[in-house]
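**Student:** sequence first, then the predicted structure, then my questions.
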Amino acid sequence: MKANLGVEVPWQLVMLILIALPSVLFHVCHGQTDDYENPAAPPPGLDECNGLFLTYSFISREKEYPRVKNASAQAWAFKSLATITNTGQYELKGWQMFVGFQHKEILVSASGAIVVDGDDFPLEVGNGTTFAGNPMTDLKTAIDTAGDFTQISAQIEITGSVFGIKPPGVPMPKNIKLVNAGYKCPKATLKGKTYMQVCCKKDPKAKKVDKKVLKFLPRRYGDLSLTYDVLQAYGSNYQAQVTIDNINPLGRLDHWNLTWEWMNGEFISKMRGAYTHKRDFSECVYGPAGKYYKDLDFSTVMNCEKKPVIADLPPERKNDSQVGKLPYCCRNGTLLPAIMDESKARSIFQLEVFKMPPFLNRTALVPPEKWKIDGVVNPQYKCGPPIRVDPTEFPDSSGLDSKTYAIASWQVTCNITRPKEKLSRCCVSFSAYYNRSAIPCNTCACGCDNNIGCSKTARAMLLPAESLLVPFDNRTNKALAWADLNKFKVPNPRPCPDNCPVSLNWHIDSDYKTGWTASVTLFNWGDSPFEDWFSAIQINKAYKGLEGVYSFNGTTFDNLNKTIFLQGLPGLNFLVGEVNGTKPGDPRIPGKQQTKISFTKKHTPGINIARGDGFPTRILFNGEECALPKQIPLSSAEQKSPFKFLTVIIMAIMTFITMTDHLH
């Protein structure tokens with residue numbers, strides 16, 4: 001039979017070979033042969049690495065639809081394999097590997113790991129991304145495992161799409177490295193076109209950790225810390241407690257919603273201190289859970305979703321004997337910063353979780369993954385993966401002077417991310433006594449719909465100051481009349497609204513020899529009120545001159561980037577929502593609160609209010625960073641001064657030319 005030498009090897013076979021390769025290379029045969037004297041060669045560089053050996057192998061690609069003529073826009077489906085092997089003498093806990101993708105890659109799946117700070121697949125990773133082990137989070141040493149490769153190595157099978165790199169070019173990452181603290185990695189070495197490797201070693205300057213003391217990873221600092229504690233464990237189910245701690249002094253959450261993803265078919269049977277938005281148990285009845293738990297009454301189950309959405313209970317359920325009676329629960333999802341109220345900087349709830357085969361023993365405990373938490377007009381958080389930490393310590397419930405411990409504990413750390421342009425939830429407008437026009441919030445500062453008949457890019461139109469008091473839809477006539485009066489250009493199409501539920505106006509009231517004053521006005525354009533609101537203002541050039549805050553409670557914090565912290569006085573800390581006008585057809589009236597702030601120039605010599613030194617550089621409302629205008633009001637003299645200077649220069653040049661002509 002004639003052999004067909006042109007047949008292409010399927011990528012599935014290549015994957016199986018690559019996955020099986022480590023066990024082939026490192027398997028020690030105990031039969032009666034002499035093969036152990038000549039073992040198969042390990043991957044190049046592995047034997048010389050005394051630390052962590054990382055590799056990235058490009059396996060295959062196929063052209064995707066749509067087929068386009070522009071090579072840079074053509075998408076290719078690719079498969080690759082990343083590995084990390086512990087060849088050193090120290091166990092690596094919670095391994096994290098960075099892959100520097102650089103070709104507009106979109107990940108579709110990554111088995112053997114999760115993406116740190118990532119959303120659901122498909123996931124854009126064109127600027128690189130970090131993988132963390134899942135379910136194998138720790139890499140033991142060959143010494144402690146007798147060379148068991150399954151315990152010292154992990155693999156990430158990557159599938160995704162890549163753009164613009166057509167054969168024979170290979171879309172390799174820019175670099176690969178270990179992210180864990182205490183290790184240093186040189187630049188990865190490219191071997192051929194489809195393979196790269198790097199050996200990361202212990203940093204001799206890194207602080208040494210006592211192996212006997214550290215059983216699990218140390219707890220990490222973040223703006224928000226979520227702890228998943230297993231309190232009781234049985235064969236088929238366990239009881240867990242979730243604790244949410246607000247660590248950031250300017251962070252906050254209102255009406256928080258927490259979601260995660262169950263990885264092994266778990267479902268929530270009961271909850272205390274919180275509830276899920278959806279109580280549809282059909283996913284259990286018609287799914288694997290219904291086949292296994294045949295005698296379980298699923299009508300009493302709290303939630304069967306793979307991605308449940310969990311919310312805090314309202315205050316009236318706090319003393320409910322069935323769902324309440326937990327410390328730090330039942331506050332409608334409010335988490336305040338500790339500098340406002342330390343007792344309200346924590347939330348707690350408990351849940352009973354049922355497991356599925358093959359995780360049916362007491363010690364088979366796996367936390368949910370892909371945690372996300374969000375609130376209303378609050379900072380936006382990015383959460384990392386759960387890391388195993390030392391069991392949480394609790395005071396003994398009997399009142400004795402002793403401690404009890406959780407069976408197992410995991411920590412999820414979430415950090416505040418600065419909102420991207422046009423993705424804020426609050427905005428700022430500027431005005432001043434020396435300029436007739438107010439500068440409103442930026443166009444689409446808080447986002448815009450796609451199908452609208454306005455411009456998302458046009459600069460917001462200047463307004464008379466009183467227009468800031470009415471909703472955007474009622475400003476059109478005022479804005480057009482103001483533009484006509486002042487000979488301002490009107491964009492066509494006109495700019496879209498800012499679409500922000502909350503706005504803040506900063507107005508310069510006065511400027512005199514020894515000091516100056518400003519007004520701060522808060523507007524709530526939504527229906528829901530804000531209780532215990534706060535605002536944080538950074539105004540670097542004027543901070544040291546703060547003299548007094550009236551109508552609000554004002555506090556300065558030097559250690560928080562020189563921040564002025566404003567909050568409502570007792571009894572005045574409630575920012576109501578928007579209401580109807582006094583007469584039918586009148587514009588709706590936003591909730592509003594205002595204060596005066598006075599500054600002295602004694603401690604800020606050289607400050608120039610007319611040039612903009614009296615305007616903040618950063619403003620936060622309830623922890624969310626607000627979008628600032630792209631320009632500031634200037635006095636008439638300041639606005640004209642550049643033109644005067646230009647006129648003087650032109651006149652000097654003309655005089656010089658004239659004199660030169662006379663001399664010749």
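**Tutor:** Received the coordinates, thanks. Residues are numbered from 1 along each chain as shown.

**Student:** how close does residue 64 get to residue 387?
**Tutor:** Computed as C-beta to C-beta, to the nearest Å, the residue 64 to residue 387 distance reads 36 Å. The C-beta positions use only the backbone N, C-alpha and C, and glycine is treated the same way.

**Student:** more neighbours: those two, which one.
**Tutor:** residue 387 (21 against 14; other C-beta atoms under 10 Å).

**Student:** my read: that one touches residue 411, true?
**Tutor:** Yes: counting by C-beta atoms under 8 Å, residue 387 does reach residue 411; the two are 5.6 Å apart.

**Student:** shared neighbours of the two, anything?
**Tutor:** The contact sets of residue 387 and residue 411 overlap at residue 220 (C-beta atoms under 8 Å, 6 or more residues apart in numbering).

**Student:** ok so residue 556 is a helix residue?
**Tutor:** No: assessed with DSSP: H, G, I helix; E, B strand; the rest coil, residue 556 is strand; it does not lie in a helix.

**Student:** tally of neighbours for it?
**Tutor:** 13.

**Student:** quick check: it vs residue 111, distance?
**Tutor:** 52 Å.

**Student:** please apply the same query to residue 391.
**Tutor:** 29 Å.

**Student:** for these two, indicate the residue with more neighbours.
**Tutor:** Neighbours around residue 391 and residue 111, counted as other C-beta under 10 Å, are more numerous at residue 391. The numbers are 16 against 10.

**Student:** isn't the more buried one right up against residue 405?
**Tutor:** Yes: counting by C-beta under 8 Å, residue 405 is a contact partner of residue 391 at 4.3 Å.

**Student:** quick one, helices of the stretch 351-500 of the chain?
**Tutor:** 476-486 (DSSP state H, counting those that start in this stretch).

**Student:** ranges for the strands of it?
**Tutor:** In the stretch 351-500 of the chain, the strands defined using DSSP state E, counting those that start in this stretch lie at 369-374, 380-383, 387-389, 393-395, 403-405, 408-417, 426-432, 435-439, 463-464.

**Student:** centre-most residue in this structure?
**Tutor:** residue 382 (2.4 Å; C-alpha atoms, centre = their mean).

**Student:** could you chop this structure up by domain?
**Tutor:** 52-202, 224-417, 426-625 (the TED database).

**Student:** and the ones you listed as CSV, adding mean pLDDT?
**Tutor:** Shown next, in CSV, are the domains of the chain (pLDDT from 0 to 100):
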stretch, mean pLDDT
domain 52-202, 93
domain 224-417, 94
domain 426-625, 93
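
**Student:** turn the ones you listed into JSON lines, columns for distance to residue 216.
**Tutor:** Formatted as JSON lines, the domains of the chain follow (distance: least, C-beta to C-beta, whole Å):
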{"stretch": "domain 52-202", "distance to residue 216": "7"}
{"stretch": "domain 224-417", "distance to residue 216": "5"}
{"stretch": "domain 426-625", "distance to residue 216": "30"}
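
**Student:** for residue 633, which of those is the nearest?
**Tutor:** Of all the domains of the chain, domain 426-625 sits nearest to residue 633, with 3.8 Å by C-beta to C-beta.

**Student:** off-centre distance for the closest one?
**Tutor:** The chain centroid and the centroid of domain 426-625 are separated by 26 Å under C-alpha atoms, centre = their mean, to the nearest Å.

**Student:** what is the end-to-end distance of it?
**Tutor:** Using C-alpha to C-alpha, to the nearest Å, the gap from the first to the last residue of domain 426-625 comes to 7 Å.

**Student:** including distance to residue 590, could the strands of the stretch 351-500 of the chain go into JSON lines?
**Tutor:** Converted to JSON lines, these look like this (distance: least, C-beta to C-beta, whole Å):
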{"stretch": "strand 369-374", "distance to residue 590": "24"}
{"stretch": "strand 380-383", "distance to residue 590": "24"}
{"stretch": "strand 387-389", "distance to residue 590": "44"}
{"stretch": "strand 393-395", "distance to residue 590": "46"}
{"stretch": "strand 403-405", "distance to residue 590": "50"}
{"stretch": "strand 408-417", "distance to residue 590": "26"}
{"stretch": "strand 426-432", "distance to residue 590": "13"}
{"stretch": "strand 435-439", "distance to residue 590": "15"}
{"stretch": "strand 463-464", "distance to residue 590": "15"}
